[in-house]
Every structure is written in structure tokens, then in C-alpha cells.
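Undergrad: Generate coordinates for the sequence data below:
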Amino acid sequence: MRLKPFAVLALVSFVILTGCGDQRILEKQGFVQSTSYDLLPDKEEQSDKNLLITIDIPKADPEGKMLRETLSTTAHTIKEAKINFAGQTELSIASGQLRNTLFGLKLAKAGIWEHIDNLNRDPAIAQTVKVVVVNGRAHNLLIKNYPQHPRTGQYIDRMLDKEAEDMNIPTVTIYDFTRDYFDDGIDPVAPIIKEGVKNISFDGIALFDEDRYVAKVVPEKSLIFSMLSKNFKSGEISMNLGKFANKKERLLFDSIISKRKIHVKHSKEKTFKIRINLDINGSIQEYSGILQISKDKDRKEIERLMAVYIVHEAETVIKLTQKYNVDSFGIGKYVRNSLSYEEWKSLNWQEVYPNVDVECTAKVVIKDFGKVK
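TA: Alright, predicted model coming up:
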């Protein structure tokens with residue numbers, strides 16, 4: 001009798017899940033969910049193996065409770081480490097379920113492309129694996145047990161997804177990092193996390209010069225960074241407008257829809273003027289101040305103050321990228337598109353970018369401010 005495809009799939013699933021056959025296949029597999037890379041401490045610098053590599057493997061005990069196993073070793077690469085891991089566990093190490101790769105701050109400053117490249121070469125590893133920088137040692141963060149989150153690897157993965165949905169961090173995968181690393185009109189970025197006493201927290205956005213971490217955008221300016229980077233339809237930001245109005249004006253702007261447009265002007269002397277126009281609207285969830293949002297005149301004034309605030313914060317972030325000579329917003333791609341191939345190739349954008357005149361404008365519209373008027 002010839003079985004239909006779905007019947008074959010059902011039979012295979014039954015064999016695996018019930019343990020029929022010679023071996024319980026799933027119980028023998030160690031599916032790595034997260035891996036961390038760190039440079040060895042100074043006292044071990046003389047070792048010929050300069051990396052501390054750790055993996056996190058979810059496990060199921062006989063009572064059905066989810067546990068995990070962490071393995072660590074010193075090696076040059078993850079492939080060498082995988083051989084060492086095999087001697088530390090009864091499981092067959094499998095990389096096909098890898099979700100996150102964490103780089104310690106010291107290693108990120110030295111450069112991470114060699115390790116990203118090794119991940120790219122492994123056909124079992126998906127291009128959607130997230131790239132993350134850890135403020136401190138990635139090993140310490142990964143091996144720590146957080147009482148409210150039994151599976152640390154899953155905790156990290158879900159937190160990154162949630163923060164990305166709220167536009168607090170960029171989603172950076174192996175594919176994203178590799179694409180921006182090779183593109184001469186943009187530099188890579190990555191989210192930063194850090195270890196807390198009882199939890200893990202977001203600690204900013206890492207800015208890379210090629211593959212080396214050089215600076216970070218603090219968490220308070222992460223949504224401003226997102227506004228400068230791309231269009232989006234979610235997010236919230238707390239604004240202190242008092243320094244622009246001599247008043248104690250504070251508000252929470254929510255349900256933000258932000259659109260970005262970049263315009264390039266250049267002269268024959270190869271000087272460039274960049275204008276970034278931000279079109280933003282959203283809802284005010286909280287407000288404290290002397291103005292009355294229900295009045296059209298006062299609401300227009302609040303919109304003006306919000307635009308001033310956003311422009312000020314945006315220009316601060318732009319100056320940070322120019323100070324460290326990292327084009328994290330991809331302005332170079334717009335300049336490249338405005339030039340001929342020969343003109344772009346003759347232009348050293350890395351030397352030009354720090355001195356480019358970048359102007360930011362913002363238009364803010366309050367679409368909703370609550371049910372009570």
C-alpha cells in the first residue's frame with residue numbers, strides 16, 4: 001500500500017514523539033539556542049586559544065519540566081569549540097535551532113567579522129540568527145540563571161523580539177550585519193544588552209566601524225535612532241519639553257507613525273548637504289504642564305515643542321555618528337545614488353562623512369489626546 005505524503009509525515013512524527021524505533025531521536029539531540037563569544041581574561045592571554053565560547057541547550061527532564069544545559073570551552077572558532085563540546089555531553093550538538101549569538105564588549109571592540117563569517121559558512125545556521133553585543137562578558141550573562149525565566153536563551157530571544165516590535169532596538173541578524181558590513185554606504189549596528197541582578201535589560205545600540213564596536217546610542221535615544229533609520233508604525237517616547245519652553249512640560253507620545261525622507265544636495269567641489277525630513281504623528285497618553293491640549297492653539301504649541309525636541313535629539317545622535325565616523329543611518333547610500341559610478345568610486349565617503357552638513361527637520365501631528373476634553 002502506498003501512503004500519501006501527509007500520512008508519511010504523521011507516521012514519522014509518531015515514531016519520533018513516541019520513541020518507537022531503535023532510538024529516541026529527539027532525546028539524543030542537543031539543540032543549541034544561544035551561543036556567546038568572549039576574549040579570554042588578561043591572565044589567560046598567553047593561551048593559544050583566545051576565545052571563551054559558551055552554548056545554551058534547552059533540555060526536558062523526565063517530569064516534563066524544561067531545564068537547560070550550558071557548556072563552555074576555550075577555542076579559536078565555534079567549529080573547534082563544537083568538537084570540545086561533544087566531549088562534555090551525551091547529546092549530539094546541533095546548530096540548526098540557533099537563535100542568538102552574543103558577543104562580549106571586549107571582543108566587539110576588537111572586531112567580530114571573523115566569527116560572523118564562520119557562522120555564515122555553516123549551512124545548518126540560518127541567516128536570521130540575531131547578533132547581539134553584551135555590555136560586559138557574554139559568558140556571564142548566558143550562564144546565569146534568572147529565577148523568573150528558567151530558559152535564559154529563550155528569555156533573551158523573546159526580549160529582543162519584543163523590544164524590536166516597540167522600535168527600542170533594531171533587529172540585526174547575521175544577514176543584516178553581513179549586508180551592511182560589505183556595503184560602502186552604511187555601517188552595521190547591533191542591540192546591546194546587559195546582565196542585571198534579577199533580569200536582563202536593554203542597554204543601547206552599538207555603532208560599528210566596519211566590524212569594530214566604537215560607540216553606543218543610549219537607551220533614552222533609541223527611538224530617535226529608529227526615526228533616523230527607517231519608517232515605522234509603532235513605538236513610544238517620553239519627552240521633557242521644559243528646556244525648550246521654560247515650563248515643566250512633559251508627555252508620553254505613543255502609537256507613533258514615523259516616516260523618513262533623505263534629500264542630498266552636492267556641488268562640483270564634492271561638498272554635500274543632507275536634509276533628513278521626519279513626518280511623525282501619534283497619540284499623547286500622558287501629559288503634565290500648563291498648556292491645555294484640548295485647545296487648538298495650545299495643541300499646536302505642543303506640536304511645535306515636540307518637533308523642536310525631536311530635532312535637537314536627532315542632531316545629537318547624528319553628531320555622535322559623525323564624531324566616530326560611522327554612517328549608521330545609510331546616508332552614504334543616498335549620496336551614492338545621486339552620483340555616477342565613477343564619481344562615487346573616486347569619493348572617499350569615510351573621510352567625507354564626518355564633515356558633511358546634515359540638517360534635520362520634523363513635523364509632528366497629535367492625532368489623539370484622550371477621551372476627556
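
Undergrad: Mind checking the pLDDT average for stretch 50-68?
TA: The average pLDDT within stretch 50-68 is 76.

Undergrad: so what's the residue nearest the centre of the chain bridging to?
TA: Geometric centre of the chain, nearest residue: P191, 3.4 Å, by CA atoms, centre = their mean. Per DSSP bridges, the residues bridged to P191 are I205.

Undergrad: do you know how far L339 is from D357?
TA: The spacing between L339 and D357, counted by CB to CB, to the nearest Å, is 17 Å. Backbone N, C-alpha and C define where each C-beta goes, glycine included.

Undergrad: Same drill for the two, tell me which one is more crowded.
TA: Taking neighbours as other CB atoms under 10 Å, L339 and D357 compare with L339 leading, 16 against 10.

Undergrad: what's near enough to touch the nearest residue to N140 once chain neighbours are set aside?
TA: Nearest non-adjacent residue to N140, counting by CB to CB, 6 or more residues apart in numbering: E195, 6.1 Å away. Shown in contact with E195 (CB atoms under 8 Å, 6 or more residues apart in numbering): V134, G136, N140, L141, K144.

Undergrad: Most neighbours among those residues, which one?
TA: Counting neighbours by other CB under 10 Å, V134 leads these with 28 neighbours.

Undergrad: Any chance of the backbone angles for that residue?
TA: In terms of degrees, to the nearest 10, the main-chain angles of V134 are phi -110, psi 130.

Undergrad: Please list all residues in contact with it.
TA: Residues near V134 by CB under 8 Å, 6+ apart: S36, L102, F103, G104, L105, L141, I192, I193, K194, E195.

Undergrad: of these, buried ones?
TA: Taking 16 or more other CB atoms under 10 Å as the criterion, what is buried in the contacts of V134 is S36, L102, F103, G104, L105, L141, I192, I193, E195.

Undergrad: hang on, the fifth one packs against V132?
TA: Just to be clear, that refers to L105. No - under the criterion of CB atoms under 8 Å, L105 makes no contact with V132, lying 11.3 Å away.

Undergrad: quick revisit: next step: the contacts of E195 restricted to helices.
TA: Mapping these onto helices (DSSP state H) picks out N140, L141.

Undergrad: Can you tell me which of the contacts of E195 is nearest D157?
TA: Proximity of those to D157 (CB to CB) peaks at L141, which lies at 13.4 Å.

Undergrad: residue ranges of the helices in the stretch 1-150 of the chain, please?
TA: 5-18, 78-86, 105-110, 113-121, 138-143 (DSSP state H, counting those that start in this stretch).

Undergrad: Not counting its own residues, what contacts the fourth one?
TA: Where contact means CB under 8 Å, 6+ apart, the residues beyond helix 113-121 that reach it are 37, 77-79, 101, 103, 125, 127, 129, 131, 174, 177-178, 181, 210-211.

Undergrad: at 7 Å what do you get?
TA: Y37, T77, I78, K79, T101, I125, V129, I174, F177, T178, Y181, D211 (CB atoms under 7 Å, 6 or more residues apart in numbering).

Undergrad: check contacts around the fourth one.
TA: For K79, the set of contacting residues under the criterion of CB under 7 Å, 6+ apart consists of N118.

Undergrad: where do the strands sit along this protein?
TA: Counting by DSSP state E, one finds strands in the chain at the ranges 29-31, 34-39, 51-60, 66-75, 92-94, 100-104, 130-134, 189-195, 200-209, 212-217, 237-240, 250-266, 272-288, 357-368.

Undergrad: Tell me which of the ones you listed sits nearest to Y155.
TA: That would be strand 200-209 among the strands of the chain, by CB to CB, at 6.7 Å.

Undergrad: and I205, what does it touch?
TA: By CB under 7 Å, 6+ apart, the contact list for I205 reads I169, P170, V189, P191, I192, K216, V217, S222, F225.

Undergrad: Closest one of those residues to H263?
TA: Proximity of these to H263 (CB to CB) peaks at F225, which lies at 19.9 Å.

Undergrad: What sits closest to M159 if chain neighbours are left out?
TA: Nearest to M159 is I200, by CB to CB, 6+ apart, at 6.4 Å.
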